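S.K.: Mind folding the following:
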Amino acid sequence: MTAPVFKRVLIIADIEGSSDCWSHRASSFMTRDWVPACIGMSRDVDAVARALFSAGAKEVTVKDFHRTGFNLIPGLIDPRAGIVPGYCRGPVPGIGNPNKAEALFLIGMHAASGSHGFLSHTFTSRIQRLTVNGHLMPEVAFFSGSVAGYGIRPVFFSGCPVACGQAHHLIPGIRTFSIDKSGPPERFEAEPWRNRLGVAAAAALTNHCTRPYLPKGPFRAVVLMRDGAETARRLAARWGFERSGARIIFNADDFAQLYMAMIRLCYLSPASERVLPLGLFLYHLMGRIGLAWVRRRALQQGLL
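M.R.: The predicted model follows:
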């Protein structure tokens, strides 16, 4: 008997594990290399979205989750897919409304801070290493856990081989598709790889082996800051966390508390949290300006 197909899909897309991001500069806002990286990320998402629709999905929502959240070029992506740029206060912090999704696809992801994958980091490269209850914690865990309360299953993941290995370890049954960036970019054939990515994603549309990922607390997080003890002292004092040298330490009773603590530590201050709607508006404005710049540069270079 054929397994039922998930009809409503949420895609969370990042740039480091996409087909045209080959350096930190390519992942950085308004750099020359960011232009083709945004195009490649958009075409990767398009390949996945088209494959999912062809395989029976009825609704595909794409959440852009890199830097400002404005990296995807809608004109390059199947118009049936709903593109959600920027970040939201809730109901899921950063992601917003999961929109009755049944399955989570994570595309273009990277490995955890403290591991040796391609451009490995968790939330921000300012974190040198993050462990939770003694284990490295990648973003696949945070994103999957943040939507678990809605019954959404993480069923597919793409990224570098190290990132794929971490996804397998954390979420038994998740299907992965890797991108090998160990060689020079000129030897990488993006279009055939994208086609295989779409085929693998479509096959995962019947992957009922996973369950919503929601590890139980309590949790103890240890965050090693790349910039050293002074940065750790300042951030720990800001949020009332413990500190030991360059390490920030805090406890969380449940996963939602852990996720929110990491968002505050990486992106917010008590003052900015109080005026978060205004801050998000300005950040979205910056993202829209950046994406307009990408389109203009891409047209000038004949990339679009």
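S.K.: residues near residue 111, how many?
M.R.: 28 (other CB atoms under 10 Å). C-beta here means a position set from N, CA and C on the backbone, and glycine is covered the same way.
S.K.: Kindly apply the preceding question to residue 274 instead.
M.R.: Around residue 274 there are 11 residues (other CB under 10 Å).
S.K.: do the same with residue 144
M.R.: Going by other CB under 10 Å, the residues that sit close to residue 144 add up to 28.
S.K.: That one contacts residue 157, doesn't it?
M.R.: No. At 9.2 Å, residue 144 and residue 157 do not qualify as touching, with contact defined as CB atoms under 8 Å.
S.K.: quick one, what contacts the residue lying closest to residue 20 once chain neighbours are set aside?
M.R.: Excluding the flanking residues, the one nearest residue 20 by CB to CB, 6 or more residues apart in numbering is residue 40, at 2.6 Å. Residues touching residue 40, when contacts are defined by CB atoms under 8 Å, 6 or more residues apart in numbering, comprise 18-21, 190.
S.K.: Identify the contacts common to residue 144 and residue 157.
M.R.: With CB under 8 Å, 6+ apart, residue 144 and residue 157 have common neighbours 106, 171.
S.K.: returning to that earlier point: sticking with the residue nearest to residue 20, tell me its helix or strand.
M.R.: Here residue 40 sits within helix 34-54, counting by DSSP states H and E.
S.K.: In that helix, which residues are buried?
M.R.: 34-53 (16 or more other CB atoms under 10 Å).
S.K.: Next, the angle from the following helix or strand past that helix to helix 34-54.
M.R.: Next helix or strand after helix 34-54 toward the C-terminus (DSSP H and E): strand 59-64. Counting by axes from the mean of the first three to the mean of the last three CA atoms, to 10 degrees, strand 59-64 lies at 160 degrees to helix 34-54.
S.K.: which helices and strands does strand 59-64 pack with?
M.R.: Judged by 3 or more CB pairs under 8 Å, 6 or more residues apart in numbering; DSSP states H and E, strand 59-64 is in contact with strand 8-13, helix 34-54, strand 82-84.
S.K.: looking at these, which is closest to residue 186?
M.R.: helix 34-54 (12.5 Å; CB to CB).
S.K.: quick one: the closest one to chain centroid distance?
M.R.: 14 Å (CA atoms, centre = their mean, to the nearest Å).
S.K.: what does the one helix or strand residue 237 maps to rub up against?
M.R.: Secondary-structure assignment from DSSP H and E places residue 237 in helix 229-239. With CB under 8 Å, 6+ apart as the test, helix 229-239 has contacts from 126, 223, 225, 241-243, 245-248, 250, 261, 264-265, 269-270.
S.K.: if I pick residue 37, what's in contact with it?
M.R.: Contacts of residue 37 (CB under 8 Å, 6+ apart): 15, 18, 20-21, 26-27, 71.
S.K.: again, 10 Å this time
M.R.: Counting by CB atoms under 10 Å, 6 or more residues apart in numbering, residue 37 makes contact with 15-16, 18-23, 25-28, 31, 66, 71, 108, 294.
S.K.: Need the pLDDT of it.
M.R.: As predicted, residue 37 sits at a pLDDT of 98.
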